[in-house]
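Novice: Got a predicted structure plus its sequence, pasted below:
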Amino acid sequence: MFSFGKKKVEQEDRKKALTSTLGIDLGTLNTVVAKPSGDKFDLYKIPSVVAVKKDDPSYVLAVGEEAKSMLGRTPEDIIAVRPLRKGVIESVAQAEALLVFAMEMGSEEDTTSIDRIVIGIPGDASEVERNAVEEIGRKAGASYVLVISEGLSAAIGAGLPIAEAAGTMVIDIGAGSSDLVVISLGGITDIETIRWGGDDVDDNIVDQVKQKYEVEIGIHEAEKAKIKVGMVHSNADLEIETTSLIGKCMKTNKPKEIEVDSTMVANAAEPIVVKIVEALAAVLERLSPELISGVYNKTIVVGGTSQLKGLKERIFEEVGIPVEISNDPMTVVAKGAAIVAAEPRALEPEVRLKAMK
Ligand SMILES: Nc1ncnc2c1ncn2[C@@H]1O[C@H](COP(=O)(O)OP(=O)(O)OP(=O)(O)O)[C@@H](O)[C@H]1O
Ligand SMILES: [Mg+2]
């Protein structure tokens, strides 16, 4: 265990902690591993995809990048799947394979050399889901496993003033879920999780292209277009960009080139943006007046989907909060988890309160 004892011991322990701790963001689309290295982090990004045998889904054939390239293209006897859907574990065996792979990537020797891991998962995960993730971490070889809310982890990773009483808020818009978390005195005071995110935008782009052009496109193509010309509706003066992609004509079955522009992506994103705004309104309704100025002064938006242009402006128009979009949106959860892994007691109430004095 980590020691807060004599200075020398503390330094030695800290050194050990830095070589044997990992923070992991077990995401729907990406799993990110952060390994403390001096005052920086070594970061590894792994697509959250596992390829398994069709007749024996616990038989893992490939994990990560290799498995991702198989999505939608596998022969009959292989399936490539995402172990997490909407932030929820769909298959424990596949999630375990993903976590072991992530831990191996972050460890110099084998996974048993990792003392502590902290894993970020969606804020509304059930006790059963939390326990399942913890169990997987332990089975993979870590002796200490802590599962914390992605939102809290993101706030710590983004360097928000979480220990202050004034309050601060983090909005994490991921692939399958989005978390809105209010934090004060180092703890979560309110949380709202919606099972909506960038994946739903991709699905809607596929539908819109189908309706407009009678062309079917793959989900990866839709995601690529979203990343290239992505935008949400707002009053911001943004340039409408266009990109072209190849789909399958539903009438002729022949390949056909079509165009997707920023407005189409904004239309596809609109239902998700509305859900996020509703969740924000619910949080603000419950927010105590003591925390409103902290939230006004310091709210940060993280997660891959936060990169859609115009989001900052739209949030301000809707709820009057001048949010900051993180310049490091996809690794803050893992970094925050790694910080907690190195100092696990940092989240305990007496340590938090002491740190304030
Ligand atoms: N530049 C970009 N513009 C818009 N969306 C983007 C961009 N880059 C990535 N994304 C989207 O961000 C999402 C992935 O973000 P992130 O890695 O934060 O999700 P995750 O942590 O895997 O998911 P979750 O937190 O929901 O489990 C995907 O939907 C991806 O398409
Ligand atoms: Mg995430």
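Specialist: Okay, I see it. Numbering: from 1, shown residues only. Ligands and ions are numbered 1, 2, ... in the order given.
Novice: where does the stretch 101-250 of the chain come near ligand 1, residue by residue?
Specialist: Residues of the stretch 101-250 of the chain that fall close to ligand 1, judged by CB under 6 Å from any ligand atom: 174-177, 197-199, 223, 226-227, 230. Just so you know, the C-beta spots here come from the backbone N, C-alpha and C atoms, and that holds for glycine as well.
Novice: Columns neighbour count, pLDDT and secondary structure on top of the residues you listed, output as JSON lines?
Specialist: Listed next are these as JSON lines, based on neighbours: other CB atoms under 10 Å; pLDDT from 0 to 100; DSSP: H, G, I helix; E, B strand; the rest coil:
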{"residue": "Gly174", "neighbour count": "29", "pLDDT": "93", "secondary structure": "coil"}
{"residue": "Ala175", "neighbour count": "25", "pLDDT": "93", "secondary structure": "coil"}
{"residue": "Gly176", "neighbour count": "21", "pLDDT": "90", "secondary structure": "coil"}
{"residue": "Ser177", "neighbour count": "27", "pLDDT": "89", "secondary structure": "coil"}
{"residue": "Gly197", "neighbour count": "27", "pLDDT": "96", "secondary structure": "coil"}
{"residue": "Gly198", "neighbour count": "26", "pLDDT": "97", "secondary structure": "helix"}
{"residue": "Asp199", "neighbour count": "23", "pLDDT": "95", "secondary structure": "helix"}
{"residue": "Glu223", "neighbour count": "20", "pLDDT": "96", "secondary structure": "helix"}
{"residue": "Lys226", "neighbour count": "25", "pLDDT": "98", "secondary structure": "helix"}
{"residue": "Ile227", "neighbour count": "15", "pLDDT": "98", "secondary structure": "helix"}
{"residue": "Gly230", "neighbour count": "24", "pLDDT": "97", "secondary structure": "coil"}
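Novice: separation between the residue lying closest to Met70 once chain neighbours are set aside and ligand 1?
Specialist: Nearest residue to Met70, sequence neighbours excluded (CB to CB, 6 or more residues apart in numbering): Ala80, at 4.0 Å. Distance, Ala80 to ligand 1, by CB to the nearest ligand atom, to the nearest Å: 16 Å.
Novice: Could you check how many residues crowd around Ala80?
Specialist: 20 (other CB atoms under 10 Å).
Novice: List the residues that contact it.
Specialist: 49-52, 62, 67-68, 70-74 (CB atoms under 8 Å, 6 or more residues apart in numbering).
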